[in-house]
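Novice: Build me a structure from this.
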Amino acid sequence: MRIQGPPQAIRGQTWVYGVSELGFKDGRVVRFNNFDGSLKIRVHPSRALPSAPPRAFTIGSSEDEVLAVQGTPTRMDGHRWMYGFSEIRFKDGRVEEYDNFFGNLNIQLMPEQSVNAGPAPGSFTVGSTRDEVLLAQGTPTSIRGNLWYYGMSSVLFRKGKVQLVHDSNGILRFTPKEELTRSE
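Specialist: Okay, here's the model as predicted:
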């Protein structure tokens, strides 16, 4: 109240300011939606990070690392953080999934191991590893569990290997197994 002033409306434990709102539990803010930017809210890392902040975060980054890269989210609701229409989902305080269809997240995935060339330079196929897909395609637009999206195209992994590919917008560097056997 001291910082923000009186709300325009109070609905249970939610205070409304324009189209933005603060959610309370036991007198403390537990969630917020700063859709129109009217809230004077800032979230700081819980601890100082060593050296200069990284330029990007990745799967497995901590909440503090994401804050150092992205700053205060537009909306926080438990393990879901929104930056505009992009979303990051955490599990046990670490990035587990994200949606970056609007491109405003500074996320970058890198191969974990050195990788031999895939089926053809710069492509992948059924049975390729995540690292081989990363080398061919780069950072996915979105990750939801074992499903990676590149725009509207998707790659499904089972046991760490490509199982199914749906290239709806024709951007994947995917070589079907049939073409591999023909060229050998």
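
Novice: Residue 38 contacts residue 16, correct?
Specialist: No - between residue 38 and residue 16 there is no contact under Cβ atoms under 8 Å: 10.1 Å. For the C-beta atoms, the positions are set from N, CA and C on the backbone; glycine is no exception.

Novice: Distance from stretch 17-26 to the middle of the chain?
Specialist: Stretch 17-26 sits 24 Å away from the centroid of its parent chain (Cα atoms, centre = their mean, to the nearest Å).

Novice: mean confidence for it?
Specialist: Mean per-residue pLDDT for stretch 17-26: 94.

Novice: go on, stretch 102-118?
Specialist: 81.

Novice: cool, and stretch 86-99?
Specialist: 97.

Novice: So for that stretch, what gets flagged as buried?
Specialist: Across stretch 86-99, burial judged by 16 or more other Cβ atoms under 10 Å covers 86-88, 90, 95-99.

Novice: end-to-end on it?
Specialist: Using Cα to Cα, to the nearest Å, one end of stretch 86-99 lies 5 Å from the other.

Novice: who's in contact with that stretch?
Specialist: With contact meaning Cβ atoms under 8 Å, 6 or more residues apart in numbering, stretch 86-99 is reached by 57-63, 66, 70, 73, 79-82, 100-105, 107, 141-145.

Novice: Ok, stretch 38-56 next?
Specialist: The contact list for stretch 38-56 (Cβ under 8 Å, 6+ apart) reads 3-4, 17-20, 22, 29, 32, 34, 63-65, 67-69, 72-73, 76, 106-108.

Novice: Got a quick PyMOL command for the buried subset of these?
Specialist: Buried members of the contacts of stretch 38-56 can be picked out in PyMOL with the line below, counting by 16+ other Cβ under 10 Å:
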select buried, resi 17+20+22+32+34+63+64+65+67+68+69+73+76+107
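
Novice: Past the helix or strand that residue 87 is a member of, which element shows up next along the chain?
Specialist: Using DSSP states H and E, residue 87 sits in strand 86-91. Note on strand 86-91: by DSSP H and E, the next helix or strand toward the C-terminus is strand 94-99.
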